[in-house]
Every structure is written in structure tokens, then in C-alpha cells.
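In: Return atomic coordinates for the entry below.
(one chain, ligands or ions: 1)
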Amino acid sequence: MPCSPPSNQPRQMPAVEMRFYSLLHLSDSDPLPINSKISNSSDRVRILCRVAYTLGRSLLAHGHRLTVFTNAAAVIERQLSEFGGPNFDMQEIEFESSVPPGTRFYSAHFKFACFHEFARAESGVHFLIDLDIICLRPIPEEIARVCMADGFAVYDISTQVAPAVGWGKVQRDLRSLNGISGEQSWFGGEFIGATPASFRRLYSLIREMMSDYATRLPEFHHIGDELLTSAALNALRQRGTHLYDAGVGGSVRRHWSVRTKHEQAALKLGTLPSLLHLPADKDFLAGLASSPPDDLLRFEHRYRRNARRKKIGLPSDSGIGDSIKILLSRLWPRDSGSL
Ligand SMILES: [Mn+2]
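Out: Numbering: from 1, shown residues only. Okay, the predicted model is just below:
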């Protein structure tokens, strides 16, 4: 459950280097993203590269340069050539996974390879964030200070997952992996930050649970990085590690433009977070690559417009002419068979 940052921190601490990373693994066996207009895999590659560009630019605007872990730097380079190339660094890494290809959210398991990279780093505070995030406000340094004090910056989404899957199932799955009997939290995979030393502890716990997890995949209510990571984080917390929930302070927020089972506050200008995760709006984020909004007010306006268009089934990027055609074709479908 939500924790507050330690209050005994000295006021003056040296500036901490915050490094932001994301993951763009390209593979033919990946399922197409849900809740998106993406209909084939070349569309998928084009859209994800643009989504990365939008994230890269939004981080740069707040003084952070993004690094993208990938297996396909040349593809990304080519896709973004019309923008003059990527606005982020790329690092090709070894992706190994214990889950079979074709598993749902197969790529999500590659986040563990990113944790492994952080575990091998020497210094700094490393953040792994989802590609479909946009940075809208400065990221509070307090988050990095928590990490420097051996904590983790996480995003507790327990209240979001409970109504969707049932809290009992969530607890049962976590307990079956880490053996903890008390109530546990569920953490969103879109945001995690810590030092290399902390990632070493997290990664080794995940490795310990991995083979058990891989052999029991069908039993779990969720397959992906969040289950194992949450199980490991809860285990670390039980041993005294501080987990700072960046969602409580409004630094991170996941927002769905589709109906959710949990209650979701409206996305309003005054409550926009530092890092906004839009899992169902990759097309919208990709569209921002070519014409970014120039301020928060404009962003909010464009986002709401996108949400309204989605409700009536229009693509986020169709012009007025195309939109009218789409709407007319619904009123008078050509193949209706009647005169
Ligand atoms: Mn996401």
C-alpha cells in the first residue's frame, strides 16, 4: 500500500543523475497492441517508433535524454529518418526469456533483461518506463533521493487491478510465488526506478522465481512482467526495502481512454502528472511525433479531442474530409444490399 518518502533525509543532497530507459523489442511473434487501430505488424513498427520519438522529445523538454533498449536499432533509425533520426540513444541488448514465444505479452517479459542491464551498471538512478508514456512536467528529484537511499520508486496500481481481476486472485498468485501471507501490493510495469545495487537484489529474486513462474503460466490471472516484479518487490519490502509510490504524489499516472472497471478520475489540466501513461492511445501518441502540442493546455485539448473521436470510432489522425466520409459510410453503407 502507499508509502511516504523517508522524512529524515537531509535537505541538501547532491544532484542525482536520473537516467530514463524504455524498451522497444521488435518481433514477429508479438501480439498486436490491444485497443488500437494498428492492424498489421509494419504499422505496429511505424507507430511504436513514433511513440518512442514522442517520449524522447517530451523527456528532452524536461532535461532528460531517453535511452531505448532494443534488438532492432537499424529499423528504428530507418523509421525515424523523416524526423532526422531518433531523438534518443539506443542500446542493443541480449534478450533472453524463459517464457515461450507466442506467450501473451511475450515482449513484456523482456523488461527483465532491462533490469539485468541496470544491475550491471555502476552508478546513477535508473528508470525503466513504458514507451507509451509522455513526460508533461518536471520529474521531482525527491524520487531519485528515495532511490539513492536504497529504495525503489514504483507505481502501486492495486486499486486499479482489484476490480478488474478480483483482489483474491491477485493475492493468491503473488503468495504462490513469494510465499508471503500478508496483504501485498500490485505494481504497474510502466514505471520503476532504483540504483544498480537495488536492481541487483530485484533481479536475483526474479531469477529465483522465474522457473516456477514459467512452468505454471496457465495458472496465473496475469502473464507478463508485473506479476513477477510485484512478487519480488513485495518480498524486498518485507525485508525492509522502502518502496516509494510515485503515483500518490502525482508523478506517474496510467489513464485509459476506454471503459475501465475501476473508477478513473478525469484527465484535467490541473492534475496532469509528470509521466502520463496512455496504454490505449498509441495512435494518438504517434501522431504527436509530427506535430507536438506546444503547452499543457494544448495537450489536454488534443487529448480530449482524441478521446471524443475515439468514442464515435474515428481515427485520431483523420482530416475533416476523411472523417465526414467515414461517418457518411456508416449512415449509408455501400454493401447494405438494399436500394
Ligand atoms: Mn504501456
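
In: The ion contacts on the stretch 101-250 of the chain?
Out: 130, 132 (CB under 5 Å from the ion). Every C-beta, even on glycine, is put in place using the N, C-alpha and C of the backbone.

In: Output the below-cut-off pLDDT ranges for the stretch 101-250 of the chain.
Out: For the stretch 101-250 of the chain, residues meeting the criterion pLDDT under 70 lie at 102-105, 108.

In: The residue in the stretch 51-200 of the chain that the ion sits nearest to and residue 68, how far apart?
Out: The stretch 51-200 of the chain approaches the ion most closely through residue 130 (3.6 Å), counting by CB to the ion. Distance, residue 130 to residue 68, using CB to CB, to the nearest Å: 12 Å.

In: Next: residue 226.
Out: With CB to CB as the criterion, residue 226 and residue 68 are 21 Å apart.

In: who has more neighbours, these two?
Out: Neighbours per residue (other CB atoms under 10 Å) separate residue 226 from residue 68, with residue 68 holding more: 23 against 19.

In: Tell me the strands beside the helix or strand where residue 126 lies, with direction?
Out: Following DSSP states H and E, one finds residue 126 within strand 125-129. Here strand 125-129 has these sheet partners by DSSP bridges: strand 18-24 (parallel), strand 191-194 (antiparallel).

In: Pull the number of nearby residues for residue 66.
Out: Counted with other CB under 10 Å, the neighbours of residue 66 add up to 25.

In: Provide the backbone phi and psi angles at the closest residue to it other than its chain neighbours.
Out: Leaving aside its chain neighbours, residue 66 sits nearest to residue 88 (3.9 Å; criterion: CB to CB, 6 or more residues apart in numbering). In terms of degrees, to the nearest 10, the main-chain angles of residue 88 are phi -140, psi 160.

In: Does residue 88 touch residue 68 like I think?
Out: Yes. Here residue 88 lies in contact with residue 68, judged by CB atoms under 8 Å, at a distance of 5.3 Å.

In: Give me the common contacts of these two.
Out: 52, 56 (CB atoms under 8 Å, 6 or more residues apart in numbering).

In: Only C-alpha atoms, please: export stretch 74-81 in PDB.
Out: C-alpha atoms of stretch 74-81 as PDB (Å, rounded to 0.1, in the frame of the first residue of the first chain):
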ATOM      1  CA  ALA A  74      18.700  -0.100 -37.600                       C
ATOM      2  CA  VAL A  75      15.000  -0.500 -38.100                       C
ATOM      3  CA  ILE A  76      14.200   2.300 -35.700                       C
ATOM      4  CA  GLU A  77      16.800   4.500 -37.300                       C
ATOM      5  CA  ARG A  78      15.200   4.000 -40.700                       C
ATOM      6  CA  GLN A  79      11.700   4.500 -39.400                       C
ATOM      7  CA  LEU A  80      12.600   7.800 -37.900                       C
ATOM      8  CA  SER A  81      14.700   9.100 -40.800                       C
END
